[in-house]
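what would the 3D arrangement of this be:
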Amino acid sequence: MGATPRHLLLWDGTCGFCRRFIDWVRQRDRDGRFEIVPYQDAPTPPMTPELREACRRAAHVLTADGRVLRAGRASMFVLREIGHPVLGRVLAVPPLVWLVELGYFVVARNRSGFSWILGKVSPPGSAGS
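Prediction:
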């Protein structure tokens, strides 16, 4: 029995907000469905100059079956794969996916502000709350 093919999740390794999301995904990816790599460290191939430029603006998933997903659609795919299939499928349907993409766009353009806010707020249930 061979190993299950893994999806490649590319993210911005310099972004604190992104790191929090990646830490959350790693905790929930109990089946090891994702190889999670900062795009800055991704090998060539699959990294290309075009993909590197696109990864500066949004997280990407290169699926085991060859699809390239970015931004909100990549996030919904990750949700489905790590144990939230219904939520991931519902949010991936128009017009909800358009709202997800809009939200992703707003957060991505303001990552440093969101990182700062998250750094100042303790998560529920933590010792600081």
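
from here on, contacts and neighbour counts on C-alpha atoms
Will do.

where in the protein is pLDDT low?
1-3, 111-129 (pLDDT under 70).

please enumerate the strands of it.
Assigned by DSSP state E, the strands in the chain fall at 7-11, 34-38, 60-62, 68-70.

other residues contacting the second one?
Counting by CA atoms under 8 Å, 6 or more residues apart in numbering, the neighbours of strand 34-38 from elsewhere in the structure are R6, H7, L8, L9, L10, W11, D12, G13, I22.

buried subset of those?
Among those, those that count as buried by neighbour count (16 or more other CA atoms under 10 Å) are R6, H7, L8, L9, L10, W11, D12, G13, I22.

could the residues you listed go into a markdown table alongside distance to P49?
As requested, these are arranged in a markdown table below (distance: CA to CA, whole Å):
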| residue | distance to P49 |
| --- | --- |
| R6 | 23 |
| H7 | 20 |
| L8 | 17 |
| L9 | 17 |
| L10 | 14 |
| W11 | 15 |
| D12 | 15 |
| G13 | 17 |
| I22 | 23 |
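
and E101, how far from Q40?
23 Å (CA to CA, to the nearest Å).

residues making contact with stretch 55-64?
For stretch 55-64, using CA under 8 Å, 6+ apart, the contacting residues are 5-12, 39, 67-71, 74-75, 108.
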